[in-house]
Every structure is written in structure tokens, then in C-alpha cells.
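Undergrad: have a look; sequence and predicted model below, questions after that.
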Amino acid sequence: MNKNLERLYNGIIRENPVFIMMLGMCPTLAVTTSAINGVGMGVSTMVVLIVSNLMISLLRKLIPHEVHLPAYIVVVATLVTVVQLLIKAYLKSLDAALGIYIPLIVVNCIILGRAEAYACKNPPVLSVFDGLGMGLGFTLGLTLIGALRELFGAGTLFGFQVMPAFYQPIGIITSAPGAFLVMALIVAVMNGASISTRANRKVEGGCDGCCASCAQRCDTPKDASERGEEAKV
Amino acid sequence: MTSLALVIVTTALINNVVLNQFLGLCSFLGVSRQIKTAASLGGAVIFVMTIASGVANLIYTCILQRLGLEYLQTIVFILVIASLVQVVEMFLKKAAPAIHGALGIYLPLITTNCAVLGVALNNVTDGFGFFESVFSGFGTAVGYTLAIVLLAGIRERTEGNDVPAPFRGAPIVLLSACLMAIAFYGFSGLSLS
């Protein structure tokens, strides 16, 4: 298979950030009260992810290893600010719905994770496709969860009435506790279907979904040994 | 004074950072196996979040607002928080080795905890002054600690239970969090004025 297409497949299916890797849980649970919010958040994140992958891939030989994390954070934060200002200017309703979660894309583990795991070691075109695949996978996941919660919690889909009139919407699904409930059921269904996710792969004491430790884990072994030597000195 | 107490109750219980705003979920789900570690992480979060809220507020009002650079808040806050955690760690190592021993390993984890950045940004959105920001940071962190310690308690109990196979692991933790969120949802009925 073409390498670029392979990246897309990897992001959307094999390493889907929402369902398989379970990264970026905060936005996944917080903004998926409706399908359209899911799309909005997914696309905003995808734009940041594609451009940050491109920039970091272009800068990969210029950024010294010692300061690579701060450098990545500056790149990502700049892009997020650009996206935030664009949304504020042109998509007022989306800005009102997503609010603080737009600037919080900075700390979304998917973005720093891809920078660490892929963009810093691969050429620009492949990195862009990696970002596109991961972004599409994220958007797809958020839209799906958003659609489920909107369907059962409000009886609508993208704002249109779908459920028959006698259906009594389950209000709690669209409120905060419902997010945990829907996610729990989704993971349980995936466990039941024996789909291997990061949640059921046993990683004792490993990354375990924690963003910062994830960035540490994603360092290449070579870096780790270098760091070990530094520590000894 | 009452307004500051209100800020704490609101941030800790009514708008609980984890169960209502979904910030800091990664560590909430990841580091809640045991009450002891959860409480240590909570302590570290209280420490960092209180300081970070104050520092972020000072930088916003004294530098960014004065120069008309409010749009740089995201970049500035995340860098300030990241370096602040480093400074706090170095300071604790020298000044209070006992506290550093207990909380040290959790401090780097907090750098990218979205709750810290979230509080700083929320304080700006809410137009909080310095003291309100500090109290809101403290209250939010107390809410976080409360939630993660409670979840750890539930997880210690459910560890040995006979959970249906598909629900073992992450789903049962998420379900526990869901029930806790429903309980905390009750606080939104508190009328404070």
C-alpha cells in the first residue's frame, strides 16, 4: 500500500486516537454533547495537528534535543492561538459551544504525542498525512460519540429531529455524567468484541493515559540512554 | 471575604474540575489505583495550581493587559506553568526535602495537566482579580483531590469484585466516575447568593 495512504489508514482505523489509543479524553468527553460540536472540535484539532506535524517535521533537524518539548509546545500553542482567533472571528456559535476547550487543544496528548512519536523522525509529506489520518480518526470518533449522545439525550441528530415523537429523551446522557456512561459502554462493547485497545492491553505502571508520562515514554531508547549518562555525570 | 468562600465552594463542588468540566481526566483515570498515590498527586496539584493561578493572574494583568497582548495568553500561560513546575520542584528539593520526597515524582506529571492551564484560562474569562484567582485555583485543586481520592477509594473496593468480563478495567472505572458525577451533579442545586 502507498505509504501516505497507509498513514491515513493507521490514523483512522488501526491507531484511532479516540477508540484504540484513548488519547485526548478531556475533549472527547467534554464537547461531545452534540454531533456538530464533535465535528467542530475534531476539525479544529485536525488543523492544528496537520500544521504542527508539518512544522515540527521541517524543524526536526534544527531543534536541539534538550529543549525539544518546550519548542514543540511553543509551535503548538502558536497554532492553537491562530485557530482560536479564526474561530472567534468567523464561527461565533462554535466558539460559544467549545469555549475553553479550544485553547486547551495545546495540552491535548494527541498533538504532542504525534510530534514525539512521528513528526520528529519523519519527512514533512508523510508527517502531514499522519496528522491528517490522526485528525480524521479523532474527528470521526468525536462525531460518533457526539451523535450517539445527541440521539439518545435529545432525540436529534445534527439538530434535526430523528427519534419518533413518543421517544422521551434521556436528558442525563447529554449532561456531564452521561459522558462517562457512554464512554464506559463504548469501551465495554469494544472489550466484548475483543478489539485490542490501550485500555485492555496491560500496561502496568506505564503511560496509563497520563499525558506527561506519555511524552516521556515516547522518547526513543537512544535519548533515554543519553539522558541516563547525563544523570550519571 | 464571603465572595472568596463562594469561589472555593463553586470551584471545588459545583463546577468540579474533573466530574463537571472534564479537565485533568488523564491523571484522574490513570493515577487512581490507590488512595495513597491519589492523595499525593492531589497534594501536588493543590500546591502547583494555587501558585500557578496567582502567577498567571499577575502576568496577565501586569504584563499582557498593559501591553495589549491578551491574545498571547495561551502561549504565555503554558510556558509559565511548565517552567513554574520546574522551579517549584527545584525549590522544594532544597527547602523542603520531606515534601519533595512525597510529591516529587508527581510534579512533572502536572506540567501538561490540562486542569492547571484550564483554571488559569477560566480565571481570565471570569474576570477574577488576584485573590479570587488564587482561591479559585486552590478550590479547583481541592475539588480535583476530592474526586481522585474518592475514585481511588471506589477502585480499591471494586478491585476484587466479580465484574462482568467486558466491563473489567477501564469501563468499570468510567462507570464509577459516572456515578460520582451524578452525585456531584446534586451540588448544582445549591443556591449560593
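TA: Yep, it's here. Residues are numbered from 1 along each chain as shown, chains lettered A, B, ... in the order given.
Undergrad: next, the buried residues of the helix or strand where residue B:171 lies.
TA: Assigning secondary structure by DSSP states H and E places residue B:171 in helix B:170-185. Of the residues in helix B:170-185, those buried under the neighbour-count criterion (16 or more other CB atoms under 10 Å in any protein chain shown) are B:170-178, B:180-182, B:184-185. Quick note: C-beta positions are derived from backbone N, CA and C, even for glycine.
Undergrad: restrict those residues to those near chain A?
TA: By CB under 8 Å from any CB of the partner chain, the members of those lying near chain A are B:170, B:171, B:172, B:174, B:175, B:177, B:178, B:181, B:182, B:185.
Undergrad: circling back to that earlier point, let's have the buried residues of helix B:170-185 in JSON lines, adding pLDDT.
TA: As requested, those are arranged in JSON lines below (pLDDT from 0 to 100):
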{"residue": "B:170", "pLDDT": "86"}
{"residue": "B:171", "pLDDT": "89"}
{"residue": "B:172", "pLDDT": "91"}
{"residue": "B:173", "pLDDT": "91"}
{"residue": "B:174", "pLDDT": "92"}
{"residue": "B:175", "pLDDT": "93"}
{"residue": "B:176", "pLDDT": "93"}
{"residue": "B:177", "pLDDT": "94"}
{"residue": "B:178", "pLDDT": "94"}
{"residue": "B:180", "pLDDT": "94"}
{"residue": "B:181", "pLDDT": "93"}
{"residue": "B:182", "pLDDT": "92"}
{"residue": "B:184", "pLDDT": "91"}
{"residue": "B:185", "pLDDT": "87"}
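Undergrad: okay, among those, which ones form the most distant pair?
TA: Taking every pair in these and measuring CB to CB, the maximum separation is 21.9 Å, between B:170 and B:185.
Undergrad: would you map the helices across chain B?
TA: Using DSSP state H, the helices of chain B run over B:2-9, B:25-30, B:35-59, B:65-67, B:73-95, B:97-103, B:107-110, B:114-125, B:130-158, B:170-185.
Undergrad: does the fifth one come close to chain A?
TA: Yes. If you take CB under 8 Å from any CB as the test, helix B:73-95 does meet chain A, through B:73, B:74, B:75, B:78, B:79, B:82.
Undergrad: now the closest residue in space to the third one that isn't next to it in sequence: how far from residue A:131?
TA: Translated: residue B:75. The shortest distance from residue B:75 to any residue other than its chain neighbours is 4.0 Å, reached at residue A:77 (CB to CB, 6 or more residues apart in numbering or on different chains). According to CB to CB, to the nearest Å, residue A:77 stands 17 Å off from residue A:131.
Undergrad: same thing with residue A:88?
TA: Residue A:88 is 23 Å from residue A:131, where distance means CB to CB.
Undergrad: of those two, who's got more company?
TA: A direct count of neighbours by other CB atoms under 10 Å in any protein chain shown for residue A:88 and residue A:131 places residue A:131 higher, at 30 against 14.
Undergrad: residues touching the more buried one, list them.
TA: Counting by CB atoms under 8 Å, 6 or more residues apart in numbering or on different chains, residue A:131 touches A:46, A:49, A:50, A:51, A:52, A:53, A:54, A:114, A:119.
Undergrad: 6 Å instead?
TA: For residue A:131, the contact set (CB atoms under 6 Å, 6 or more residues apart in numbering or on different chains) comprises A:49, A:50, A:53.
Undergrad: same question, residue A:119
TA: With contact taken as CB under 6 Å, 6+ apart, residue A:119 is in contact with A:53, A:56, A:57, A:127.
Undergrad: closest one to residue B:101 out of those, please.
TA: Nearest to residue B:101 among these is residue A:56, at 36.0 Å by CB to CB.
Undergrad: now do the contacts for the closest one.
TA: Residues counted as contacts of residue A:56 (CB under 6 Å, 6+ apart) are A:115, A:119, A:120.
Undergrad: who's in contact with stretch A:88-104?
TA: With CB under 6 Å, 6+ apart, stretch A:88-104 has contacts from A:27, A:30, A:31, A:37, A:40, A:41, A:84, A:87, B:74, B:114, B:118, B:121.
Undergrad: buried sites along it?
TA: Residues of stretch A:88-104 classed as buried under the neighbour-count rule (16+ other CB under 10 Å) are A:94, A:95, A:97, A:98, A:100, A:101, A:102, A:103, A:104.
Undergrad: helix or strand for the fourth one, which one?
TA: With secondary structure defined by DSSP H and E, residue A:98 is part of helix A:92-98.
Undergrad: for the longest helix seen in chain A, the averaged confidence score.
TA: Scanning chain A for the helix with the most residues, using DSSP H, yields helix A:124-154. For helix A:124-154, mean pLDDT is 94.
Undergrad: with stretch B:61-79 instead?
TA: When pLDDT is averaged over stretch B:61-79, the result is 91.
Undergrad: distance between the ends of that stretch?
TA: With CA to CA, to the nearest Å applied, stretch B:61-79 spans 17 Å between its terminal residues.
Undergrad: other residues contacting it?
TA: Outside stretch B:61-79, the residues within contact range by CB under 6 Å, 6+ apart are A:73, A:77, A:80, A:81, A:103, A:106, B:56, B:117, B:120.
Undergrad: burial of the closest residue to residue A:179 other than its chain neighbours, as a residue count?
TA: In space, residue A:179 comes closest to residue A:29 once its chain neighbours are excluded; the distance is 4.0 Å by CB to CB, 6+ apart. Close neighbours of residue A:29, defined as other CB under 10 Å, add up to 24.
Undergrad: next, the contact list for residue A:142, please.
TA: Contacts of residue A:142 were listed using CB under 6 Å, 6+ apart, and they are A:32, A:38, A:41, A:42.
Undergrad: kindly report the same for residue A:174.
TA: The neighbourhood of residue A:174, defined by CB under 6 Å, 6+ apart, consists of A:33, A:149, A:153, A:154.
Undergrad: count of residues packed around the last one?
TA: Going back to what we said before, that points to residue A:154. The number of residues packed near residue A:154 is 19, by other CB under 10 Å.
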